[in-house]
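>>> Kindly return the folded structure for what I paste below:
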Amino acid sequence: MKFVVSICQDEDGVYIAECAAIPGCVSQGRTEREAELNIADAIAECLAVRAELGMPLTVTTREVEVTV
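As a prediction, the model looks like this:
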C-alpha cells in the first residue's frame, strides 16, 4: 500500500512524520530518512491494530487550497 506522509522539522530539529489517512499515526526521527523509515513501521503497526479492533484501516483525506 502507498500512503502520503508529511514530514516537517520541529523547533528542536527533530523530524516529525505523520500519515493523515490513519488518525494518530505519527512518528519522528533525527533525520528525514529516519523519520520516513519510522513512519513506515508506525503505519504497519497502526494498520494491524485497527484491523484487530475492526476499525476502518484508513479515513478519506483530500488536499484543498485555503487562502489566508
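>>> make it CA atoms for all contacts and neighbour counts henceforth
OK.
>>> Next, find the distance separating residue 40 from residue 27.
Using Cα to Cα, to the nearest Å, we find residue 40 at a distance of 9 Å from residue 27.
>>> same deal with residue 68?
For residue 68, the distance to residue 27 - Cα to Cα - is 29 Å.
>>> and what of residue 56?
20 Å.
>>> now do residue 66
For residue 66 relative to residue 27 (Cα to Cα), the value is 26 Å.
>>> Contacts for the helix or strand containing residue 41 next, please.
For residue 41, the element it lies in under DSSP states H and E is helix 32-52. By Cα atoms under 8 Å, 6 or more residues apart in numbering, the residues outside helix 32-52 that reach it are 7, 15-19, 22, 25-29, 56-57.
>>> More neighbours: residue 68 and residue 27, which one.
residue 27 (21 against 3; other Cα atoms under 10 Å).
>>> doesn't that one fall inside a helix?
No - according to DSSP: H, G, I helix; E, B strand; the rest coil, the state of residue 27 is strand, so it is not within a helix.
>>> what bridges to it?
residue 17 (DSSP bridges).
>>> Quick one: residues contacting it.
16-18, 35, 38-39, 42.
>>> how close does it sit to residue 44?
According to Cα to Cα, residue 27 and residue 44 sit 12 Å apart.
>>> Nearest residue to the middle of this structure?
Centroid check for the chain by Cα atoms, centre = their mean gives residue 19 as the closest residue, at 2.2 Å.
>>> Find the residue closest to that residue in space, skipping its chain neighbours.
Of all residues not flanking residue 19 in the chain, residue 5 sits nearest, at 4.7 Å (Cα to Cα, 6 or more residues apart in numbering).
>>> how near is residue 30 to residue 20?
From residue 30 to residue 20 the distance is 21 Å (Cα to Cα).
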